[in-house]
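[1] 3D, please:
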Amino acid sequence: MKNKKTKNASGKSFNSCPVLAAVAAGLYPLLFYYSRNFTLINSWAHLVFFIAVFLICPIVLFVLANKLFTISALRKWQKYLLPFLNILVFLFLLKVCLYAGIQKKITLGILVLAVGISFFLYKYFKKFIILEFILAFIALLTLVPVIIKNVSYSSAWTEQPDAIKEVVFKQKPNVYYIQPDGYVNFSELKQGSYKIDNVAFETFLNTNNFKNYPDFRSNYASTLSSNSATFMMKHHYYNKGTSLSEALNARNIIISENPVLSAFKNNGYKTHFITERPYLLLNRPKMGYDFSNFTYAEVPYISTGLKNQKQVFSTLKNKIEEDQNTPKFFFIEIFEPGHIKNTTSASEGKKEEKENWKLKLDEANKKLIKLVKIIKQDDPEGLILIMADHGGYVGMEYAEEYLTKTQNRDKIYSMFSSNLSIYWPNQNIPEFDTKIKTSVNVFRVLFTYLSKDKKYLDNLQEDNSYIILNKDAPKGVYKYIDNSGNITFKKH
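    Next up is the predicted model:
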C-alpha cells in the first residue's frame, strides 16, 4: 500500500506540471525542423514565430486547460488531459514539420491516436515526457553542427577581382532577365535524353530577333546554387560541399545584395523582382529590390514556397509603364518547365517523367511568349535576357539521382544544359558575346556591353560546371564539365 501511494503521488506531481508537458511536446519538433530546414528559416522573425507557435502557445494551452479541468465537473478527466494534449501537440507539430498545411485526414488520425494513447497509457505519461526530451537532445546534437556551419560562413568568395560594382553604363536600356526554371537549351532538346520538338517556340524567338546561344549551360545544378553564382558573377563551389542541397546564404545573395543589383542601382536603375512563387523569399532575406510583387506578409513561415502563386503579366505591364524616364531592371521568375520529381518514391518513372516535363515545357513557352509580347509592345528598345537556372533532369528516374556519381554524358547535360536567348536592342550584338558559355559570366559580359568597356572581360570566370556527390564517390564537390564542354570528373 505504501509503494502504491508513493507511485500515485509521483504521478500526480508529474501530471500537474503543464508547462513541462507543453515544452516536451514542442521542443523536439522545433529542433527537428530547424536542423532539417535551417537555410529556409534562418531569420529572427522565424525564430520568434517558431518559439511562439511551438513553445509559448502550447504552454498557454496546457496551463489554461489544466486549470479548467480542476472544476468538479471535469476533475475526473484531468488525469487524461495532459497526456492527451502532449501526444496531440507533439504529433501535430511533427506533421507540420513534415507536411506544410492542415491535411485533414492525418490531423483526424492524430486526434484519434492521442485519445487512445491518453486513455489507455496515461500511467506511462512520465516515460513519454522523458522520451520526448531525449529526442530533443538528439535533435539538438544534429542542429549544432548546422548552426556552426552557417555562423562560420565565409563570404570571401563574393569579393570581386575588379571594380565591376562601380561600372558606368554608357547606354541604359531597360533590362529584363526572365528565368524559366529548368528550361533546357534548344541544342540539347534536339538530342540526348530529350529529342523534343520545340521548333515553334524557337521560331517565335527568331522572328522577334532573339539570338540563341547553343550549348549554353549552368555552372551549378540547382536554382539556389546557380542563381547565387550568376548574381555574384563568381564561383562558390557549393561552399566546399557544406550543404548537399544549396549554397549557403544563397537567398540573401540573390535577393538582398549582389554586384548585379549594385551595378544597376549605381547607374540609376529601379530594380524589380517579379515571381510566380515566393521560393526565393522563404527565409525573409532583406529586400534589396526596389519592388517585389510578394510582400513578406504573403509568405508563410512554414512553407515550401511553391504553393501560393501569382501571375506576373499584369504586374510586369504596370511596372513597365511607371516612371518611363527611369531605367529599370527586372528579374522575372517563372517555374515551368522545372525538373522531374525529386525522389524515387514520388517519381512516375523515367518515361512518364519525360512526358510530364514536355507538358510543362508547353506551359513555359506560352508564358514566355506572353511576356515577350508585353515587353516588345510596351518597350521595344528593352534588352531581354531569357536564361534558365539549370536543366530539367529528363533521362533520370528522379532528380535526386544527381547525388550519385555518373559519367553518362546525357544525364550530366540534362542537369546543366540551360537555355539562353537574348534580344539585343536594334540588333546591336557585341562581337564579344562569343564569350558567353555559362551563366556565371553572363552579367559580366552584359555590363561590358552596357559600359562599352572591355576591361571587365579580363576577369571572366572559368566555364566549368560543378556537382556535389555523396554516392558512389567520396562526398565532395566535383567538376563534371570543363571549359570546353567535355565531360570530366575531378574533385575540387
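
[2] what's near enough to touch Leu81?
    Contact partners of Leu81, counting by CB atoms under 8 Å, 6 or more residues apart in numbering, are Ala65, Asn66, Phe69, Ser118. Yep, even glycine has a C-beta here, placed from its N, CA and C like the rest.

[3] tell me the phi and psi of it?
    phi -60, psi -60 (degrees, to the nearest 10).

[4] so how far is Val115 from it?
    Leu81 is 12 Å from Val115, where distance means CB to CB, to the nearest Å.

[5] so for the one helix or strand Asn356 maps to, what's the average pLDDT?
    If you go by DSSP states H and E, Asn356 is part of helix 350-378. Mean per-residue pLDDT for helix 350-378: 96.

[6] and the very next helix or strand once past it, what does it pack onto?
    Per DSSP H and E, helix 350-378 leads on to strand 383-387 as the next helix or strand towards the C-terminus. Helices and strands touching strand 383-387, by 3 or more CB pairs under 8 Å, 6 or more residues apart in numbering; DSSP states H and E, are strand 175-180, helix 350-378, strand 420-423, helix 442-451.

[7] so what are the sheet partners of the helix or strand that the last one is followed by and their directions?
    Put plainly, it is helix 442-451. With elements assigned by DSSP H and E, the helix or strand that comes after helix 442-451 is strand 465-469. With DSSP bridges as the test, strand 465-469 is paired with strand 476-481 (antiparallel).

[8] the very next helix or strand once past the partner strand to strand 465-469, inter-axis angle?
    The helix or strand immediately downstream of strand 476-481 is strand 487-491, counting by DSSP H and E. Angle, strand 487-491 to strand 465-469, by axes from the mean of the first three to the mean of the last three CA atoms, to 10 degrees: 60 degrees.

[9] so which bits of strand 487-491 are buried?
    Ile487 (16 or more other CB atoms under 10 Å).

[10] check stretch 315-330 too.
    Buried, per 16+ other CB under 10 Å, within stretch 315-330: Thr315, Leu316, Lys319, Ile320, Pro327, Lys328, Phe329, Phe330.

[11] before we move on, what about stretch 30-37?
    Within stretch 30-37, the residues that qualify as buried are Leu30, Leu31, Phe32, Tyr33, Tyr34, Ser35, Asn37, counting by 16+ other CB under 10 Å.

[12] stretch 215-232 too?
    216-232.

[13] return the distance of that stretch from the chain's centre.
    Centroid separation for stretch 215-232 versus its chain: 13 Å, with CA atoms, centre = their mean, to the nearest Å.

[14] quick revisit: any buried residues in the helix holding Asn356, and which?
    353-354, 356-358, 360-361, 364-365, 367-368, 371-372, 374-375.

[15] starting at the chain centroid, how far to it?
    21 Å.

[16] just the pLDDT for Phe119.
    For Phe119, pLDDT reads 74.

[17] quick one: low-confidence ranges for the stretch 151-300 of the chain?
    241-247 (pLDDT under 70).

[18] which stretches in it count as strands?
    175-180, 211-212, 270-275, 291-292 (DSSP state E, counting those that start in this stretch).

[19] looking at those, which is buried most?
    Of the strands of the stretch 151-300 of the chain, the one with the most neighbours on average (mean count of other CB atoms under 10 Å) is strand 175-180, at a mean of 24.

[20] which strands and helices lie in contact with that strand?
    Against strand 175-180 (3+ CB pairs under 8 Å, 6+ apart) you get strand 328-334, helix 350-378, strand 383-387.

[21] tell me the strands beside the shortest one, with direction?
    Within its sheet, and counting by DSSP bridges, strand 383-387 is paired with strand 175-180 (parallel), strand 420-423 (antiparallel).

[22] could you check the angle it makes with helix 442-451?
    Following the same axes, to 10 degrees, one obtains 170 degrees for the angle between strand 383-387 and helix 442-451.

[23] now do strand 383-387 against strand 328-334, angle only.
    Here the directions of strand 383-387 and strand 328-334 differ by 30 degrees (the same axes, to 10 degrees).

[24] and the longest one, by the same measure?
    Per the same axes, to 10 degrees, the angle that helix 350-378 makes with strand 328-334 is 150 degrees.

[25] tabulate the buried residues of stretch 30-37 (CSV), appending distance to Ile340.
    What follows is the buried residues of stretch 30-37, written out as CSV (distance: CB to CB, whole Å):
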residue, distance to Ile340
Leu30, 33
Leu31, 32
Phe32, 28
Tyr33, 27
Tyr34, 29
Ser35, 27
Asn37, 23
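
[26] how about CSV for the residues you listed, with secondary structure and pLDDT added?
    Shown next, in CSV, are the buried residues of stretch 30-37 (DSSP: H, G, I helix; E, B strand; the rest coil; pLDDT from 0 to 100):
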residue, secondary structure, pLDDT
Leu30, helix, 95
Leu31, helix, 95
Phe32, helix, 93
Tyr33, helix, 92
Tyr34, helix, 92
Ser35, helix, 89
Asn37, helix, 86
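
[27] from the residues you listed, which is closest to Ser187?
    Asn37 (36.9 Å; CB to CB).

[28] show residues contacting stretch 195-209.
    186, 189-190, 212, 358, 361, 365, 368-369, 372, 376, 386, 421, 423, 427.

[29] could you do stretch 129-142 as well?
    Contacts of stretch 129-142 (CB under 8 Å, 6+ apart): Phe14, Leu20, Ala21, Ala24, Ala25, Leu27, Tyr28, Leu31, Phe32, Ser35, Asn86, Phe90.
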